[in-house]
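Student: Next come a sequence and a model predicted from it.
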Amino acid sequence: MANKPDSHDICFIPSGDTRAFLGARIGVRPGSVVDADSGEVLAEHEGVHGFTIGQRKGLGVQGPAADGQPRYVTSIEPDTGTVRVGSARNLEVHAITADRAVWTSGSAPVGPVECTVQVRAHGGLAGAVAEAVDGGIRISLREPLTGVAKGQAVVLYRTDPAGDIVLGSGTSRYRRASEHAVTQGISLAGAVTGVGSWPGTDPREAATIVLGELGRLPHLVELPARGLGADMIGRACALLVDLQLDVSTTAYRVVQRRGSVAKRAADLLNQDLDALEEAWETAGLVGADHVVKVQSVGPLTLAAEVELGTGRRVLTDPGAVRDFAESLGEGLARHAAEVTRRLGTQVLIQFDEPRLPAVLAGTLSGVPGSKPCGRCRNRRRSPCSRPLSPDPAGPRWSTAAPAVFPPTSCDAAAQWPWVWTWHS
């Protein structure tokens, strides 16, 4: 045994065919292999269990990407069966959020800690700054790591002359990619569009009217008259990744498991997408040079309108606000890619922040009848903010609110052009 080489495979699969082993036990669910940048469907597959982040071979894709470079698996979406592939640089991760933190000292460190991070047993090392946040760990990497996936172990070390010391560990929950990928600039001077919400309950009728009246910049409508799950917060409920909402007697509330409201919200969103796709094809716009706008409530308004399990607003917990922003950003990126795949067009993301003035002024109560939440005193407005580009033809186009800041924790959505709206 001492002379036997180390094994990096799963020891209880003697054949070495992990894909077949998993398929026989969890079943086969076909899905699509999609280009992460264009949304184009490149191939079909027999189950996401056959793929891992960073995988290059066995993708079933013919030929390299348009730039001649190999393709790698950049994200896996088990709920939809979608495997996204892109260039190697799409694999670079600059920040990680981990949960289920375990600290070897028995207690979490106070404030940021310089450390070395390793992901996976045989993964690379990277210098980082880690900080304990609400039972988890927020990690900013000094150099990027690749092949980081949700669910992987993240271990923190401190270099010591007598030997490296393990500070703690966690389970990867969110991974923030690099910002190399920027969608082509959009110039829409003089274009007219809708804010988002639309009267009525018929998505097909709404899509037909929008394409007929707002042909230069149509949008995917929200139809709040359909009830729970169809309003602004309900739409966000359908977009959030790894966060589940339901309703209480007072508001939407964070829950552990996906409930009927989340399922209804997802069904309504799919109905709206189907209606827009049908109207798009009927109007002969497939392949045309158009832009479609999708909209979502912004992270601060979302945090102001949703309750934690304790009944307090998410806004009262900075760590929860950050988690919501990250989840929303990732969901919006997937949503925009899905719209691109269906319609073959560029997508503009609109963030709506009707609660922003109250958040900044600190006039919202933590719970009904309690003291107001504190004012947002940070000059950058929030722990997750990025200034707008002043150039209308630049990679991120905006028309209003030049002093308002969209969320950097919505990093996954940051590669898409966006516009920011608020109400005074």
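Tutor: Looks like it arrived, so ask away.

Student: For the rest of this, base every contact and every neighbour count on C-alpha atoms.
Tutor: Noted.

Student: Now Leu223: closest residue in space, sequence neighbours ignored.
Tutor: For Leu223, ignoring the flanking residues on the chain, the nearest one in space by Cα to Cα, 6 or more residues apart in numbering is Trp198 at 5.3 Å.

Student: quick one, phi/psi of Ser296?
Tutor: phi -150, psi 150 (degrees, to the nearest 10).

Student: how about Arg258, phi and psi?
Tutor: Recorded main-chain torsions at Arg258 are phi -70, psi 130, according to degrees, to the nearest 10.

Student: isn't it right up against Asp242?
Tutor: No. In terms of Cα atoms under 8 Å, Arg258 does not count as a neighbour of Asp242; the distance is 9.6 Å.

Student: Name the SS class of the residue positioned nearest the centre of the chain, please.
Tutor: Computing the C-alpha centroid of the chain and ranking residues by Cα atoms, centre = their mean puts Glu330 first, at 0.5 Å. Applying DSSP: H, G, I helix; E, B strand; the rest coil to Glu330 yields a three-state assignment of helix.

Student: What score does it have for pLDDT?
Tutor: Taken from the predicted model, the pLDDT recorded for Glu330 is 86.

Student: likewise Asn270?
Tutor: Asn270 carries a pLDDT value of 90.

Student: again with Asp274
Tutor: According to the model's per-residue confidence, Asp274 sits at a pLDDT of 90.

Student: Where does it fall, secondary structure wise?
Tutor: Asp274 belongs to helix 260-282 when elements are defined using DSSP states H and E.

Student: Could you export that helix as PDB, CA atoms only?
Tutor: Backbone C-alpha positions of helix 260-282 (Å, rounded to 0.1, in the frame of the first residue of the first chain) are rendered in PDB as follows:
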ATOM      1  CA  SER A 260     -46.100  27.900  -3.300                       C
ATOM      2  CA  VAL A 261     -45.600  31.600  -3.700                       C
ATOM      3  CA  ALA A 262     -42.000  31.100  -5.200                       C
ATOM      4  CA  LYS A 263     -43.300  28.400  -7.500                       C
ATOM      5  CA  ARG A 264     -46.200  30.700  -8.700                       C
ATOM      6  CA  ALA A 265     -43.700  33.500  -9.200                       C
ATOM      7  CA  ALA A 266     -41.500  31.300 -11.400                       C
ATOM      8  CA  ASP A 267     -44.500  30.000 -13.300                       C
ATOM      9  CA  LEU A 268     -45.700  33.600 -14.000                       C
ATOM     10  CA  LEU A 269     -42.300  34.700 -15.100                       C
ATOM     11  CA  ASN A 270     -42.100  31.700 -17.600                       C
ATOM     12  CA  GLN A 271     -45.500  32.600 -18.900                       C
ATOM     13  CA  ASP A 272     -44.400  36.200 -19.500                       C
ATOM     14  CA  LEU A 273     -41.200  34.900 -21.300                       C
ATOM     15  CA  ASP A 274     -43.200  32.500 -23.500                       C
ATOM     16  CA  ALA A 275     -45.600  35.300 -24.400                       C
ATOM     17  CA  LEU A 276     -42.900  37.700 -25.400                       C
ATOM     18  CA  GLU A 277     -41.000  35.000 -27.400                       C
ATOM     19  CA  GLU A 278     -44.200  34.200 -29.200                       C
ATOM     20  CA  ALA A 279     -45.000  37.800 -30.000                       C
ATOM     21  CA  TRP A 280     -41.400  38.400 -31.000                       C
ATOM     22  CA  GLU A 281     -41.500  35.600 -33.600                       C
ATOM     23  CA  THR A 282     -44.900  36.700 -34.800                       C
END
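
Student: Next, the buried residues of that helix.
Tutor: 261-266, 268-269, 272-280 (16 or more other Cα atoms under 10 Å).

Student: got it, and stretch 143-163?
Tutor: Neighbour counts over stretch 143-163 (16+ other Cα under 10 Å) mark 144-150, 153-158 as buried.

Student: now the residues you listed in a markdown table, with secondary structure?
Tutor: Formatted as a markdown table, those follow (three-state DSSP):
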| residue | secondary structure |
| --- | --- |
| Pro144 | strand |
| Leu145 | strand |
| Thr146 | coil |
| Gly147 | coil |
| Val148 | coil |
| Ala149 | coil |
| Lys150 | coil |
| Ala153 | strand |
| Val154 | strand |
| Val155 | strand |
| Leu156 | strand |
| Tyr157 | strand |
| Arg158 | strand |
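
Student: So which of those residues sits lowest on pLDDT?
Tutor: Lowest pLDDT of those: Gly147, 77.

Student: related to what we said a few turns ago, surely the residue nearest to the centre of the chain and Ala236 touch.
Tutor: No. Checked against Cα under 8 Å, the pair Glu330 and Ala236 is beyond contact range at 11.6 Å.

Student: ok, which stretches of the stretch 201-350 of the chain are strands?
Tutor: 244-247, 252-255, 291-297, 306-307, 346-353 (DSSP state E, counting those that start in this stretch).

Student: Just name the most buried of these.
Tutor: When the strands of the stretch 201-350 of the chain are scored by mean count of other Cα atoms under 10 Å, the highest mean neighbour count falls to strand 306-307 (a mean of 24).

Student: What's the mean pLDDT across that strand?
Tutor: If you average the pLDDT values across strand 306-307, you get 90.

Student: contact partners of that strand?
Tutor: Counting by Cα atoms under 8 Å, 6 or more residues apart in numbering, strand 306-307 makes contact with 251-254, 313-314, all of which sit outside it.
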